[in-house]
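Undergrad: A predicted structure for the sequence below; I have some questions about it.
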Amino acid sequence: MFVWNNFTNDARVTREAKTLQSHYDVTVIAKRENNERHIPLKQSYKEGYNAVRKHKTELPNFIVNRINNNKLKTIVLKHLPNAFLMMKMIQEGYKQDADIYHSHDLNTLIQGIACAKLRTDKRILIFDAHEVNTSRTNYKSGLVGAIEKFLIRFTDRTIVENETRATYHELLYGYRPMSLYNYSEYYDIDEVEAINLPLKYDKTFIYQGGLQEGRGLERLLRAFKAADIPANLLMVGDGKIRPQLEALTRSFNLQDKVTFTGRVPYESLRSYTKAAYAGFQILENVNFNHYSASSNKLYEYMMAHVPVIATNLLEIKNVVEKEGIGLIIKHDSEEELTDAIRKMFEDETMRNAMKERMKVSKEQYNWEKEKQKLLNLYHDLEVS
């Protein structure tokens, strides 16, 4: 498997690796940035799969500083190191001599094609699209779409996150990929010990995920201030806009209510979820990638019996309303978000009923059921 991250917090790929390990020898080829030298280059996991990380080499500052042309500097700073890293990953992929290569997202598909198809004895190649690459924030949709359309011709199978995205993919490229929902692994939350943090209030609302644009997080802080309730807000995760969010927290004088944990190891995340009274999944409808998202965080909340406040995006809304496990608000309404926070805080009868329904819903929306689709796909490719 190829991933374009350090493979320390990638829940979806971790689940797939664990699942496949029961039938295959699995190696995940990942990357390591200069500021991640504490992460080992090679790692074996107790479940039996392995990770090999290739280090991304940056050019020395004394070379970069001599370049005055901005376009050339971008090439030297970003594109050249990435190209060298891709070559390292391809080299490692050939070394692994796998029967099946599995590329997670578009930025590892070239590596997969090189290892699986640019050889005399061609191998099987799976493209696992976690995102809608033709409609994402800060992506050039036309260029990315043209690249994806060309590259997927070399793949044997494509996986997408849900049926909405499968339909979209079919409209773009003329064939329907397999949907593989990013459900949480099934577990008993009663066997998990809640994290013990020095929080001020008894009730804790939680946001789990990247601190990125388009997640509704600045609106969340404004709404939490406006709700004016005696409760904590736990922000579990990290990302580019964390400094802005922390500054906004200070400007609202919410330091005694809002806690930023930073990135939490995947294996420890359940302890944080267990401590929550309610959770947020408030993606903004800024592109089709967000509109069609299923959201693994929704299912993590479900598995831990944590009712949700969620925005009215297609896949998320369908599950929350069908199962009766949370409150749905307009994605751009700060007023509705404020009201939902107050309602969830004040109406414990409603909240407890949602919690009980989650205990039933988790029996359907879990990885133990969904993973069979992945195993069947691998089996079908082997015998075809």
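TA: Perfect, I can see it now.
Undergrad: got the contact list for residue 10?
TA: Applying CB atoms under 8 Å, 6 or more residues apart in numbering, we find residue 10 in contact with 3, 104, 266. (Glycine included, C-beta is placed from N, CA and C.)
Undergrad: Now do the contacts for the last one.
TA: Spelled out, it's residue 266. Residue 266 touches 8, 9, 10, 11, 14, counting by CB under 8 Å, 6+ apart.
Undergrad: Using the record's domain definitions, break this structure down for me.
TA: Listed domain ranges for the chain are 11-182+368-383, 189-361 (source: automatic domain parsing).
Undergrad: I'd like the ones you listed written out as TSV, with mean pLDDT added.
TA: Formatted as TSV, those follow (pLDDT from 0 to 100):
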stretch	mean pLDDT
domain 11-182+368-383	92
domain 189-361	96
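Undergrad: Could you identify the helix or strand that succeeds the host helix or strand of residue 110?
TA: Assigned by DSSP states H and E, residue 110 falls within helix 109-116. On the C-terminal side of helix 109-116, the closest following helix or strand by DSSP H and E is strand 124-128.
Undergrad: Mind giving me the packing neighbours of that next one?
TA: Contact partners of strand 124-128 among helices and strands, from 3 or more CB pairs under 8 Å, 6 or more residues apart in numbering; DSSP states H and E: strand 100-104, helix 109-116, strand 157-160, helix 367-383.
Undergrad: Which among these is found nearest to residue 290?
TA: Among the helices and strands packed on strand 124-128, strand 157-160 comes nearest to residue 290, with 14.9 Å by CB to CB.
Undergrad: what packs against whatever helix or strand comes next after the closest one?
TA: As assigned by DSSP H and E, the chain's next helix or strand after strand 157-160 is helix 163-173. Counting contacts by 3+ CB pairs under 8 Å, 6+ apart, helix 163-173 is packed against helix 141-151, strand 157-160, strand 178-179.
Undergrad: Helix 163-173: how far from the chain's middle?
TA: 20 Å (CA atoms, centre = their mean, to the nearest Å).
Undergrad: Of the contacts of residue 266, which pair is most distant in space?
TA: Most distant of those, by CB to CB, are 8 and 11, 10.7 Å apart.
Undergrad: if we can go back for a sec, could you export the helices and strands packed on strand 124-128 as CSV, including mean neighbour count and distance to residue 186?
TA: Below are the helices and strands packed on strand 124-128 laid out as CSV (neighbours: other CB atoms under 10 Å; distance: least, CB to CB, whole Å):
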stretch, mean neighbour count, distance to residue 186
strand 100-104, 25, 23
helix 109-116, 23, 30
strand 157-160, 21, 21
helix 367-383, 15, 5
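Undergrad: Checking the residue in the chain sticking out farthest from the centre next. Helix, strand or coil?
TA: Going by CA atoms, centre = their mean, the residue of the chain most distant from its centre is residue 66, 37.9 Å out. In three-state terms, and counting by DSSP: H, G, I helix; E, B strand; the rest coil, residue 66 is coil.
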